[in-house]
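Mind folding the following:
(one chain, ligands or ions: 2)
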Amino acid sequence: KTIYLKDYTPAPYLAKQVNLSFNLLPGKTIVTSSVDYVKNPAGVSSDLVLDGEDQTVISVALNGQPFEDYTIADGQMTIVNPGHAFSLTIVSEIHPEANTALEGLYQSQGNYCTQCEAEGFRRITYYQDRPDVLSVFTVRIEADALAYPVMLSNGNLQEEGMLADGRHFRVWHDPFPKPCYLFALVAGDLERVADTFTTMTGRKVDLHIYVRAGDEGQCSHAMASLKKSMQWDEEVYGREYQLDLFNIVAVSDFNMGAMENTSLNVFNTALVLAHQETATDSDFMSVEGVIGHEYFHNWTGNRVTCRDWFQLSLKEGFTVFRDQEFSADMNSRAVLRIDDVNTLRRLQFSEDGSPLAHAVQPDQFIEISNFYTKTIYDKGAELIRMQHTLLGAETFRKATDLYFDRFDGQAVTCDDFVQCMADASGRDLSQFFRWYKQAGTPSLQVSSHYDASHQRYTLTFKQSQPDTPEQTNKQPLHIPVAVGLLDAFGQELLPTRVLEVTEREQTFTFADMADRPVPSILRGFSAPVKLETDLSDDDLRLLQVYDTDGFNKWEAGQTLALRTIQRVMDQPEADITQFVADIGTLIAQGLSGQGDKALLARALSLPLLGVIAQHQAVIDPAAIDAARTAILIQIKRTHKEALAALYDLNRNSGEFSMTPEAMGRRALQHAVLEILTVTNGTGCAARSKAHYDAADNMTDRVTALACLADSDQPQRAEVFADFYARFKNYPLVVDKWFSLQAIANREQIFEDLAMLRNHADFNIKNPNRVRSLYSAFAINNPVKFHDPSGKGYAFLRDVIIELNTINPQIAARMVTPLREWKRYTPALQAQMQAALEAILATPNLSGDVFEIVSKSLKG
Ligand code: ARG
Ligand code: ZN
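Ligands and ions are numbered 1, 2, ... in the order given. Okay, the predicted model is just below:
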């Protein structure tokens with residue numbers, strides 16, 4: 001059933017307070033919910049309609065009297081005209097131990113936990129499960145005291161005590177009204193790591209991280225990240241935490257990354273646990289970023305929440321922007337921006353180019369959990385970033401102050417947010433708002449002209465918007481384009497200024513230009529567009545060396561690489577000497593010890609296949625890979641000695657460290673080793689094996705495994721076996737072991753996949769393990785996923801069908817790599833379409849999978 005934004009009406013009843021009581025028993029859980037309702041003056045109906053799924057109603061009472069005058073149909077309980085103000089008590093029975101969908105109340109390794117966003121609360125009790133119904137929650141939990149010593153919910157602990165038969169209870173109270181999607185409950189046998197934070201007004205907040213026994217030693221990075229997040233939000237946004245306690249619980253079975261439930265964040269273990277022996281540098285970065293993300297939701301999502309789920313990007317886009325800026329402030333800004341833009345291009349641009357393209361504020365959906373997308377999150381963050389760019393940091397801060405001030409405690413819309421930006425700046429942002437409503441990645445073409453006689457330089461921009469499903473004839477957007485100008489020697493003539501492109505075609509003139517300048521356009525990737533310029537290779541080479549903008553410096557090199565890859569694809573014998581020589585210059589810079597190593601690592605990496613594919617009219621993964629590999633081989637042959645020297649220069653000094661310098665050094669060694677081992681011969685395997693043997697941390701081990709993955713040399717099996725033996729008791733590392741085999745571009749891949757699928761450690765019910773095999777393969781092994789035999793598609797198709805009944809959300813997510821089928825070669829298209837049709841023909845197809853598959857096929 002499709003739901004439309006235009007159909008929004010306010011809830012008929014307000015919930016003044018909610019009392020929940022959970023009796024956690026072996027084999028069943030009894031939930032009693034008592035809610036005081038009052039008619040909403042803004043409501044248009046007088047029927048109380050409550051959402052509820054997967055539960056048995058045991059009894060209903062209205063104002064304390066048994067009540068039976070309700071109907072239940074299609075997941076809703078309706079009570080006709082219950083009155084102006086009344087209390088309703090519903091007792092129901094649920095089965096968390098049998099809940100494999102991991103929505104609502106479920107079990108993970110014997111512990112109870114909840115996931116209510118977006119619509120999981122209705123699997124716990126009948127309620128108006130919508131984000132604009134805010135209420136004060138009091139929660140009583142009762143369970144066996146030995147098996148479940150820890151019992152948590154939102155807010156403050158109000159009461160606790162022992163009961164008969166070895167049971168105990170706890171009562172939690174959250175004084176801040178919240179929508180039910182932010183409710184959480186955890187009960188289990190967990191260890192606690194504790195610290196404190198003192199807020200800017202001097203209040204002491206207890207910080208607790210709960211993990212399974214044995215994992216306590218892997219929490220210090222998460223705890224440090226939490227304290228940094230709390231301080232950053234005070235400094236940058238003036239936002240203080242309001243309660244006396246902040247809990248984080250790590251669970252192994254989780255559909256997504258983490259969840260921002262008020263004062264009780266629930267996390268996937270993958271985004272909490274981090275130790276040098278078991279986590280890579282990039283894992284450390286993810287933990288910091290996601291701890292920040294969930295903490296920042298406290299203000300952007302919880303204190304100010306969404307009116308309805310069409311506004312999801314109100315909280316997610318803004319919170320991603322906040323976590324990106326937090327990470328940029330804690331680490332290297334340019335490196336972070338490069339990595340974020342790479343992800344945006346690979347995953348969001350491809351979504352925008354597929355039948356699943358949708359607006360940041362969509363008009364309709366079938367299943368909201370399918371809208372936790374790269375568009376809502378990452379493109380949404382780009383829209384906030386553009387507003388930050390247009391307003392400038394200071395005015396943006398005034399606007400966010402206004403936003404928090406105006407809407408604290410309310411459920412609002414993306415329109416409300418942009419209105420604050422407009423009110424605080426005095427600017428008209430109505431054209432800008434089109435970014436929220438128009439799907440698809442805009443193209444921006446730039447042509448330059450130098451008029452020597454008038455010493456005038458002009459840049460002419462042409463923007464165009466692609467048609468997307470149900471959207472054609474789009475209007476021009478308001479695009480902030482950050483531009484700087486360099487002279488022929490690489491000196492900056494004009495520091496960054498923001499040109500505002502608002503017309504379909506628009507020219508900007510720069511006066512007093514004694515010579516033709518070289519423009520650095522879209523600095524910092526100031527807008528999420530596909531940029532095409534008329535810059536020559538020589539212009540790009542100048543920018544690659546001299547641009548003052550770290551992002552564009554890298555971008556210039558990537559554009560040169562893309563041009564080179566295209567040349568080789570068009571003409572395998574093409575002369576690429578110049579490009580290879582330029583790489584030599586970068587290597588020489590590295591050998592001189594100058595420059596940022598993390599940036600050099602990225603400069604030495606050719607664009608990933610998924611990024612190159614965004615520039616192809618028809619995608620042929622094998623052809624892209626062949627061209628990319630041929631270039632890497634030529635780079636290796638030409639610069640073998642210099643690369644080996646650069647590798648040696650960046651050897652591990654012996655003392656492990658997490659400084660940006662040390663992480664940069666490891667990243668650089670990885671980039672170099674990848675080139676040196678591209679031919680997969682005996683020497684390559686020996687190098688990788690030596691790298692593994694010298695490793696004292698997970699980053700270096702993963703580098704070695706990644707460089708050995710495609711190899712057929714005996715060292716491959718040796719190293720993978722050693723890795724498994726060492727880490728078989730660390731599930732998150734076993735996930736890496738699965739992934740690193742699933743991404744292998746080698747002949748035996750389909751036998752490997754079958755072996756991994758049947759491995760004793762594979763578990764279809766654990767999303768991390770499913771992703772470690774299937775998403776790793778389908779997303780990060782594009783050549784074999786798109787194998788002409790169709791075996792790759794069949795492998796994914798079968799698991800989607802299997803997961804459809806076990807965990808529909810995960811099943812639907814797994815369809816992603818198939819949705820762009822129309823962009824591939826005709827032979828691949830036919831096979832992808834067949835896989836989609838086979839899924840669509842599955843009996844009892846869940847709404848989640850149906851929406852993605854049917855939209856993919858229709859597109
Ligand atoms: N709000 C969470 C976050 O981004 C995501 C949780 C969504 N979960 C889900 N099952 N749809 O921080
Ligand atoms: Zn979020």
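
Verify the contact between residue 268 and residue 256 for me.
Yes. Taking contact to mean Cβ atoms under 8 Å, the distance of 7.1 Å between residue 268 and residue 256 places them in contact. All C-beta spots, glycine's among them, are computed from the backbone N, C-alpha and C.

Compare the two and say which is more crowded by neighbours.
Summary of the neighbour comparison: residue 268 and residue 256, criterion other Cβ atoms under 10 Å, with residue 268 having more neighbours (22 against 19).

Who does the more buried one form a beta bridge with?
For residue 268, the beta-bridge assignment (DSSP bridges) gives partners residue 251.

ok, now how distant is residue 513 from residue 580?
With distances defined as Cβ to Cβ, to the nearest Å, the gap from residue 513 to residue 580 amounts to 34 Å.

In terms of neighbours, single out the busier of the two.
When neighbours are counted by other Cβ under 10 Å, residue 513 and residue 580 differ, and residue 513 comes out ahead with 20 against 17.

Next, the contact list for the more buried one, please.
Residues counted as contacts of residue 513 (Cβ atoms under 8 Å, 6 or more residues apart in numbering) are 450, 455, 456, 457, 485, 493.

Let me know the pLDDT of the residue in the stretch 351-500 of the chain that ligand 2 sits nearest to.
Using Cβ to the ion, the closest approach of the stretch 351-500 of the chain to ligand 2 is made by residue 377 at 7.1 Å. As summarised for this prediction, residue 377 has a pLDDT of 98.

and what of residue 859?
Per-residue confidence at residue 859 stands at 76 (pLDDT).

nearest spatial neighbour of it, skipping sequence neighbours?
residue 355 (1.9 Å; Cβ to Cβ, 6 or more residues apart in numbering).

Now that neighbour, what are its backbone angles?
With angles defined as degrees, to the nearest 10, residue 355 shows backbone torsions of phi -60, psi -10.

One more: residue 469?
Summarising the backbone geometry of residue 469 under the convention degrees, to the nearest 10, its torsions are phi -50, psi 130.

In contact with it, which residues?
Applying Cβ under 8 Å, 6+ apart, we find residue 469 in contact with 355, 357, 439, 855, 858, 859.

Drop anything exposed from these.
Applying 16 or more other Cβ atoms under 10 Å to those, the neighbour count classes 355, 357, 439, 855 as buried.

Mind putting the residues you listed into JSON lines with secondary structure and distance to residue 576?
Listed next are the buried ones among the contacts of residue 469 as JSON lines, based on DSSP: H, G, I helix; E, B strand; the rest coil; distance: Cβ to Cβ, whole Å:
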{"residue": "355", "secondary structure": "coil", "distance to residue 576": "36"}
{"residue": "357", "secondary structure": "coil", "distance to residue 576": "35"}
{"residue": "439", "secondary structure": "coil", "distance to residue 576": "37"}
{"residue": "855", "secondary structure": "helix", "distance to residue 576": "41"}
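
Quick check: the farthest pair among those residues?
Every pair in these was compared (Cβ to Cβ); the two farthest apart turn out to be 439 and 855, at 12.4 Å.

Excluding chain neighbours, what is closest to residue 365?
Skipping the residues right next to it in sequence, residue 365 comes nearest to residue 371 by Cβ to Cβ, 6+ apart, at 5.4 Å.

What is the burial count for that neighbour?
Using other Cβ under 10 Å, residue 371 is surrounded by 21 other residues.

Quickly note the distance from it to ligand 1.
Taking Cβ to the nearest ligand atom, to the nearest Å as the measure, residue 371 and ligand 1 are separated by 9 Å.

how close does that residue get to residue 748?
When distances are taken as Cβ to Cβ, residue 371 and residue 748 turn out to be 38 Å apart.

For the stretch 601-750 of the chain, list the residues in contact with ligand 2, please.
Proximity of the stretch 601-750 of the chain to ligand 2 is not found for any residue under the rule Cβ under 5 Å from the ion.

Now do the same for the residue of the chain positioned farthest from its centre: its pLDDT.
Among residues of the chain, the one most distant from the C-alpha centroid is residue 453; the distance is 51.0 Å, by Cα atoms, centre = their mean. Per-residue confidence (pLDDT) for residue 453: 97.

quick one, phi/psi of it?
In terms of degrees, to the nearest 10, the main-chain angles of residue 453 are phi -70, psi -30.

again, but for the one 3 residues further on
Residue 456 has phi and psi values of phi -120, psi 140 when expressed as degrees, to the nearest 10.

same question, residue 14
The phi/psi pair for residue 14 (degrees, to the nearest 10) reads phi -100, psi 150.

buried residues in the helix ranked longest in the chain?
Using DSSP state H, we find that the single longest helix of the chain is helix 621-649. Neighbour-count burial for helix 621-649, with 16+ other Cβ under 10 Å as criterion, is recorded at 621-625, 627-632, 634-636, 638-639, 642-643, 646-647.

same deal with stretch 557-564?
Along stretch 557-564, the positions that meet the burial threshold by neighbour count (16+ other Cβ under 10 Å) are 557, 558, 559, 560, 561, 562, 564.
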